[in-house]
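S.K.: Sequence below, structure please.
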Amino acid sequence: MTTIQAQKSFILMAMAVFLLMVSFYYLIHVWLIVFASILMAVFLLSLVEFLTKIPVLGRYARRLPHGVLLTLVVLFLLGIFVGFAATFGHELANQLEHLKQMIPQAFDYLHQYVQSYPMLYEWLQNQAWIERLRSDPQGFLAQFGEGAMTHLPTYLGGVISGIGTFVVIVILGLFLAISPAVYRRSFVAMIPKNSRNKAEYLLERSYRAMQQWLVGQLVVMGFVGVSTGVALWLMDIPFALALGFIAFLLDFVPVLGPWLSAVPIVLLTLIVAPDMLLWVVIMIVAVQQLESYVVAPIVQNRMVDLPPVALLLPQVVMGSITGFLGVALAAPMMVMIIVWVQVLYIKFTLGDYTVQILDQDEEQMKNDLYADFQGYQQKQTANNPAKNTPPQQTIKPNGDDA
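M.R.: Numbering: from 1, shown residues only. I've put the predicted structure just below:
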């Protein structure tokens, strides 16, 4: 390539990056829908992959075309949805409607409940913000600006009323899952030939990381939703099904979601069974502790683990910019960003092939063409002298240029 051609390529690439960044700024909601569609496609493709790995059945499934397998997966999901709707749909809809009507009454009961504790009540009475919140709740929240706090009371309503956006996400995700190789080849074709192997590697690591995060998150969501609903039912708290369903949905948002789901549970308990409030709070805390210290470690091999700060900070930022959809997608976006930094910057720019990508375990690193597993083991031994693992055969990184 001549110098002039290289300059033209650089200018075109710079313009493309600039236009892409501008589109992120002005079309942030559109890009969030696109990312959610990619996440939906990852979910569908993961189910197709799981279908081919089922003992005995998987041997026959691998002989079927991809389109047939995807159709079977979609029909299976539709069957589950229809079965759930037929069994619990009417009761769930009624409970959600009654719950929506009862929640506002809970603030009056909360006021009466606090009055039973004179010291706490007197302290709250002396707080100016309490008086502003009681007299004008909407105006009180509005003082925090147009960010996530302003729209917090409408988040639940936004989830229910956002059916149109959800349908668009499902349709786009289905189209992406039908022909994933086409979009993959299109992305790789825009990369210089001597770096296309690395582009393929980046896409593979991104897909695996999002897949593992999604699988782990769905397992945790199922545990929280079922355990919350069953515990409330055993304590004779009404609307247990609706509250468990809300806990299941909001748990998709790590760190913040579980505690948001606790708000309607506590408020409803104040209305119907104030004497059970302490036990309900203990149940909520117990479920969260079981999630963090029992369920999550069990599924750790299938789950991408992120520290709370790496989850909460993006949620606050995305919530202040885009609202509920940004909060919901902040965690998987953070997973993808970390993988891209590890692959593009740490591996291919700095040349540190000992880094362990977010989705990988040690066994997977052994078969990674872009991983120095021996160097990784030496680093682990240096950081933890008690772990004296014998060195394994080094897998050299591919030598193509970045």
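
S.K.: make it CA atoms for all contacts and neighbour counts henceforth
M.R.: Will do.

S.K.: Give me the phi and psi angles of residue 358.
M.R.: phi -50, psi -30 (degrees, to the nearest 10).

S.K.: Contact partners for it?
M.R.: For residue 358, the contact set (Cα atoms under 8 Å, 6 or more residues apart in numbering) comprises 209, 304, 335, 338-339.

S.K.: With distance to residue 321 and secondary structure as new columns, can the residues you listed be given to me in a markdown table?
M.R.: Output for the contacts of residue 358, formatted as a markdown table (distance: Cα to Cα, whole Å; DSSP: H, G, I helix; E, B strand; the rest coil):
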| residue | distance to residue 321 | secondary structure |
| --- | --- | --- |
| 209 | 25 | helix |
| 304 | 25 | coil |
| 335 | 19 | helix |
| 338 | 21 | helix |
| 339 | 23 | helix |
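
S.K.: Would you list the buried entries among those?
M.R.: Among those, those classed as buried by 16 or more other Cα atoms under 10 Å are 209, 304, 335, 338-339.

S.K.: which among the contacts of residue 358 gets closest to residue 164?
M.R.: When the contacts of residue 358 are compared for distance to residue 164 (Cα to Cα), residue 335 wins out at 26.5 Å.

S.K.: hang on, that closest one packs against residue 209?
M.R.: Yes. Using Cα atoms under 8 Å, residue 335 makes contact with residue 209 at a distance of 6.9 Å.

S.K.: hang on, the earlier thing: confidence-wise, which of the contacts of residue 358 comes last?
M.R.: Among these, residue 304 has the lowest pLDDT, at 65.

S.K.: Tell me where the stretch 1-150 of the chain has helices.
M.R.: In the stretch 1-150 of the chain, the helices defined using DSSP state H, counting those that start in this stretch lie at 3-26, 28-51, 57-61, 66-84, 90-115, 118-125, 128-135, 137-142.

S.K.: looking at those helices, which one has the lowest mean pLDDT?
M.R.: helix 137-142 (a mean of 52).

S.K.: With residue 323 as the reference, measure out to residue 212.
M.R.: Distance check for residue 212 against residue 323: by Cα to Cα, to the nearest Å, it reads 25 Å.

S.K.: re the thing from before, would you convert the contacts of residue 358 into a markdown table that also reports distance to residue 251?
M.R.: As requested, the contacts of residue 358 are exported to a markdown table (distance: Cα to Cα, whole Å):
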| residue | distance to residue 251 |
| --- | --- |
| 209 | 19 |
| 304 | 16 |
| 335 | 17 |
| 338 | 22 |
| 339 | 23 |
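
S.K.: Any regions of the stretch 101-250 of the chain where pLDDT drops low?
M.R.: Confidence mapping of the stretch 101-250 of the chain against pLDDT under 70 gives the ranges 101-115, 120-121, 123-163.

S.K.: Please repeat the previous calculation with a cut-off of 90.
M.R.: Across the stretch 101-250 of the chain, the ranges flagged by pLDDT under 90 are 101-169, 186-187, 189-195, 212-221, 236-247, 249-250.

S.K.: can you give me the strands for it?
M.R.: With DSSP state E, counting those that start in this stretch, there are no strands along the stretch 101-250 of the chain.

S.K.: between the buried ones among the contacts of residue 358, which is closest to residue 281?
M.R.: Taking Cα to Cα as the measure, residue 281 sits nearest to residue 304 out of those, at 28.6 Å.

S.K.: Pull up the gap between residue 91 and residue 83, please.
M.R.: On the measure of Cα to Cα, residue 91 and residue 83 end up 13 Å apart.

S.K.: Those two - which one has more neighbours?
M.R.: Neighbour totals were compared for residue 91 and residue 83, and residue 91 leads with 15 against 12 (other Cα atoms under 10 Å).

S.K.: ok, how many other residues are close to residue 67?
M.R.: Residue 67 has 13 neighbouring residues, counting by other Cα under 10 Å.

S.K.: wait, doesn't it sit right on residue 178?
M.R.: Yes. Using Cα under 8 Å, residue 67 is in contact with residue 178, at 6.4 Å.

S.K.: Ramachandran angles for residue 367?
M.R.: According to degrees, to the nearest 10, the main-chain angles of residue 367 amount to phi -100, psi 10.

S.K.: From start to finish, how long is stretch 333-350 in a straight line?
M.R.: Chord length of stretch 333-350, first to last residue, is 23 Å (Cα to Cα).

S.K.: Enumerate the positions of it that are buried.
M.R.: Applying 16+ other Cα under 10 Å to stretch 333-350 flags 333-336, 338-340, 342-344, 346-348 as buried.

S.K.: what pLDDT does residue 269 get?
M.R.: We have a pLDDT of 83 for residue 269.

S.K.: how many neighbours does it have?
M.R.: Neighbours around residue 269, by other Cα under 10 Å: 21.

S.K.: What strand or helix carries it?
M.R.: If you go by DSSP states H and E, residue 269 is part of helix 256-272.

S.K.: now residue 349, what's its secondary structure?
M.R.: Secondary structure, DSSP: H, G, I helix; E, B strand; the rest coil: residue 349 is coil.
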